[in-house]
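Visitor: Give the three-dimensional model of this entry:
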Amino acid sequence: MEERIWKTIESWNYWARKPETGIPRDVTGKAMGMLHGPDAIYFYGPRRSGKTTVCLQILAFLADKHGKHSCLYVNFEEPSFSGLLSTSFLDDIMAEFARAFGKKPGYVFLDEIQNVPGWERWVRANVDKKTFKIFVTGSSAKLLSSEFSTSLGGRGLGFLVLPFSFGEFRKAHPKASLESYLETGGYPAVVLEQNPEKRIRMLEEYFDSAITRDISARYEVRDVPTLRTLAVYVITNSGKLFSYNKLRAMTGLSFDAIKTYLSYLEDAFIAFHVPAFSYSLKKAMEKPRRYYAYDTGLQAAISKSFTPDLGRRTENVVAIELLRSEKEVQYYSNDFEVDLSSRTALSSPPSMSVRRKRRPRVKHPRLRGSRRSTRPKRRFCFAEGNG
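Guide: Predicted structure coming up:
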């Protein structure tokens, strides 16, 4: 291996310098609870949501526990790797590590692994041989959760890495209000940026990158302006009910094209859909969906709404947190005032009401029409006041 290539790899790793691990992430703790099994661990989610940082947090823990030469980290978006990416290159890296330190690494972190053709077979083979524990990440557009699982042939455990939760946001800004989080969102670099104008420009760039690189380039979408219009509309109306008929009237697209474009927005982690709750699957599918933005900061930066609508953004945050906790998220659309619900496969759905009231002393959300079988087990009321 060329010395310059190995020097680049060295520069990222613990034996050369202690990596910056950033703000502790909740998902890091979840993943570290699975370190002892044989399966590969993979992280997926939006670009710039912190997948690399999660890997470095785990790497730092393992290096402190087992020694700094127990871990190897490689980022396959490194420009100097151009023309080298192959499974043979992976073998060369492992061989060079063994020559340098007299042993194989115990833990291998492969960042943006989708850039290496044939990586799936290489990972599967090493998982089967139990050569080392493998951690992999993939960008939102090129490798999603389902693609990872299929590629690894059932030999992987996946973790969704989303932008900061409100709790993680408060680690960066301990005195920050909920309103500040709703406006800024949770993308780590945006949260840490002090200049408000630059934060907005960063979020606009994230959105443009998702449209052009993660969707248009990957799926060869030619009508990018209409795709962008649809994306802005969905984000602006986050949490509202709308049908394919309304979207068709607005965009001029066919129903099939609308469904396809919406699936692209979900693949790129711009927005996610929440279906209606019904004990009948057929009835649930017939009802209109709600779409929520994956990040309220991105929503605030891109939305064409002239009012902040903090209540709806608060509802959006609750939807994100239910998604983050890997719950099945649904909404009620009958006479109930319950907006969102979550359930597990073996339980009736506990319902959650999201309301923002201007009276600061309101203690309970106003519910009506709830039956005993669907009465909320957890209730949230967000009050807006001077305190």
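Visitor: any idea how far the helix or strand where Leu62 lies is from the chain center?
Guide: Assigned by DSSP states H and E, Leu62 belongs to helix 51-66. Here helix 51-66 shows a centroid-to-chain-centroid distance of 19 Å under the convention Cα atoms, centre = their mean, to the nearest Å.
Visitor: could you say what helices and strands that helix packs with?
Guide: helix 26-32, strand 40-44, strand 71-75, strand 107-111, strand 133-137 (3 or more Cβ pairs under 8 Å, 6 or more residues apart in numbering; DSSP states H and E). Just so you know, the C-beta spots here come from the backbone N, C-alpha and C atoms, and that holds for glycine as well.
Visitor: For Asp208, find the nearest of these.
Guide: Closest of those to Asp208 is strand 40-44, at 21.4 Å (criterion: Cβ to Cβ).
Visitor: Quick one: low-confidence residue ranges for this structure.
Guide: 139-149, 151, 284, 333-338, 341-387 (pLDDT under 70).
Visitor: could you pull out the strands for it?
Guide: 40-44, 71-75, 107-111, 133-137, 156-160, 241-242, 271-274, 289-293, 328-331, 340-343, 351-352, 356-357, 382-383 (DSSP state E).
Visitor: From Ile302, how far out is Glu205?
Guide: 11 Å (Cβ to Cβ, to the nearest Å).
Visitor: hmm, back to that, mean neighbour count and distance to Leu84 for the strands of the chain - can I get that in TSV?
Guide: Converted to TSV, the strands of the chain look like this (neighbours: other Cβ atoms under 10 Å; distance: least, Cβ to Cβ, whole Å):
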stretch	mean neighbour count	distance to Leu84
strand 40-44	24	22
strand 71-75	22	11
strand 107-111	23	14
strand 133-137	25	18
strand 156-160	19	25
strand 241-242	14	47
strand 271-274	18	36
strand 289-293	25	38
strand 328-331	21	43
strand 340-343	22	46
strand 351-352	24	50
strand 356-357	16	53
strand 382-383	16	52
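Visitor: At which residues are the helices of the stretch 51-200 of the chain located?
Guide: 51-66, 87-101, 119-129, 145-151, 166-172, 178-184, 188-192, 196-209 (DSSP state H, counting those that start in this stretch).
Visitor: Quick check: Phe159 vs Phe43, distance?
Guide: For Phe159, the distance to Phe43 - Cβ to Cβ - is 5 Å.
Visitor: nope, Val234 is what I was after
Guide: For Val234 relative to Phe43 (Cβ to Cβ), the value is 25 Å.
Visitor: Mind putting the strands of the chain into JSON lines with distance to Arg313?
Guide: Below are the strands of the chain laid out as JSON lines (distance: least, Cβ to Cβ, whole Å):
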{"stretch": "strand 40-44", "distance to Arg313": "25"}
{"stretch": "strand 71-75", "distance to Arg313": "34"}
{"stretch": "strand 107-111", "distance to Arg313": "32"}
{"stretch": "strand 133-137", "distance to Arg313": "29"}
{"stretch": "strand 156-160", "distance to Arg313": "21"}
{"stretch": "strand 241-242", "distance to Arg313": "17"}
{"stretch": "strand 271-274", "distance to Arg313": "14"}
{"stretch": "strand 289-293", "distance to Arg313": "9"}
{"stretch": "strand 328-331", "distance to Arg313": "16"}
{"stretch": "strand 340-343", "distance to Arg313": "14"}
{"stretch": "strand 351-352", "distance to Arg313": "16"}
{"stretch": "strand 356-357", "distance to Arg313": "9"}
{"stretch": "strand 382-383", "distance to Arg313": "10"}
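Visitor: Now render the helices of the stretch 51-200 of the chain as CSV, adding mean neighbour count and distance to Ile320.
Guide: Formatted as CSV, those follow (neighbours: other Cβ under 10 Å; distance: least, Cβ to Cβ, whole Å):
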stretch, mean neighbour count, distance to Ile320
helix 51-66, 20, 17
helix 87-101, 15, 35
helix 119-129, 17, 30
helix 145-151, 16, 16
helix 166-172, 16, 10
helix 178-184, 19, 11
helix 188-192, 18, 15
helix 196-209, 16, 16
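Visitor: which stretch among those comes nearest Gln330?
Guide: helix 145-151 (19.7 Å).
Visitor: who touches the nearest residue to Glu266 once chain neighbours are set aside in this structure?
Guide: Spatial nearest neighbour of Glu266, chain neighbours left out: Phe272 (5.7 Å); criterion: Cβ to Cβ, 6 or more residues apart in numbering. Counting by Cβ atoms under 8 Å, 6 or more residues apart in numbering, Phe272 touches Glu266, Tyr291, Tyr292, Tyr294, Ala319, Leu323.
Visitor: Arg324 now?
Guide: Contacts of Arg324 by Cβ under 8 Å, 6+ apart are Leu160, Leu162, Ser165.
Visitor: How much space separates Ser88 from Gly311?
Guide: 56 Å.
Visitor: Could you check how far Phe43 is from Pro288?
Guide: Noted for Phe43: a distance of 33 Å to Pro288, by Cβ to Cβ.
Visitor: and if you look at Glu204?
Guide: 29 Å.
Visitor: need the helices for the stretch 251-387 of the chain, in chain order.
Guide: Counting by DSSP H, counting those that start in this stretch, the helices of the stretch 251-387 of the chain are 255-267, 281-286, 296-302, 310-324.
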